[in-house]
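1. Got a sequence here, can you model it:
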Amino acid sequence: MNLAQKTSQAKIAIGTQMTHIPYKGMGAAYADLISGQIPAAFPTIVSSVPHVRAGRLRSLAVTLPTRVQALPSVPTFAEAGIKGVVVVNWYGLIAPKKTPRAVIERIAADTGKVMQDAEMKNRLITDGSEAVTSNPEAFAQRIQADARLWSGVIKQAGIKDE
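-> Okay, the predicted model is just below:
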């Protein structure tokens, strides 16, 4: 999912106009946000936590269904009175289609063990993330569900391929 999709979901929920400004990376976007060149952005929690904690930025709301431990005083969009903006960023491991099942299962098992390590969990929480593990089938279902969700948002927002 990209920032254009997040912006579109927020525009639909809020019923306002926003202009998506494409940046080559969040570094330039943060420079413009901190300097006041742009009024708002939809960055990831992980990349924004240091700026919020340092007082360079003020977090208005999180797009998750619940508050995050890294920024407990920041409300969700729903708590802030804006329903319908729920965006969950996630990271996953993928492999080529012809990767042997035994290799996939080993990678999934080893990754699951690492993600359940107490030190790893604490580090992720501090950064604004959460360790969530699943199996390859559940991950494939997640990808398909997100594809359906964002296809609908893209259609409703009238986003066209350029």
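2. Quick check: which helices or strands does the helix or strand where residue 50 lies pack against?
-> Element membership for residue 50, per DSSP states H and E: helix 45-53. Applying 3 or more CB pairs under 8 Å, 6 or more residues apart in numbering; DSSP states H and E, one finds that helix 45-53 contacts helix 26-35. To be clear about C-beta, it is placed using only N, CA and C from the backbone, and glycine gets the same treatment.
3. List the buried residues for the helix it packs on?
-> 29-30, 33 (16 or more other CB atoms under 10 Å).
4. go on, stretch 87-99?
-> The neighbour-count check on stretch 87-99 (16+ other CB under 10 Å) flags residue 87 as buried.
5. Ok, stretch 45-59 next?
-> Buried residues in stretch 45-59, counted by 16+ other CB under 10 Å: 45, 48-49, 51-52, 57, 59.
6. ends of stretch 121-136, how far apart?
-> End-to-end span of stretch 121-136 (CA to CA, to the nearest Å): 21 Å.
7. Relative to the whole chain's centre, how far out is the top helix by length along the chain?
-> Scanning the chain for the helix with the most residues, using DSSP state H, yields helix 136-157. Distance of helix 136-157 from its chain centroid, counting by CA atoms, centre = their mean, to the nearest Å, is 14 Å.
8. and that helix, what does it pack onto?
-> Right, helix 136-157 is packed against helix 3-14, helix 101-116 by 3+ CB pairs under 8 Å, 6+ apart.
9. mean pLDDT lowest for which of those helices?
-> Lowest mean pLDDT within the helices and strands packed on helix 136-157: helix 3-14, a mean of 54.
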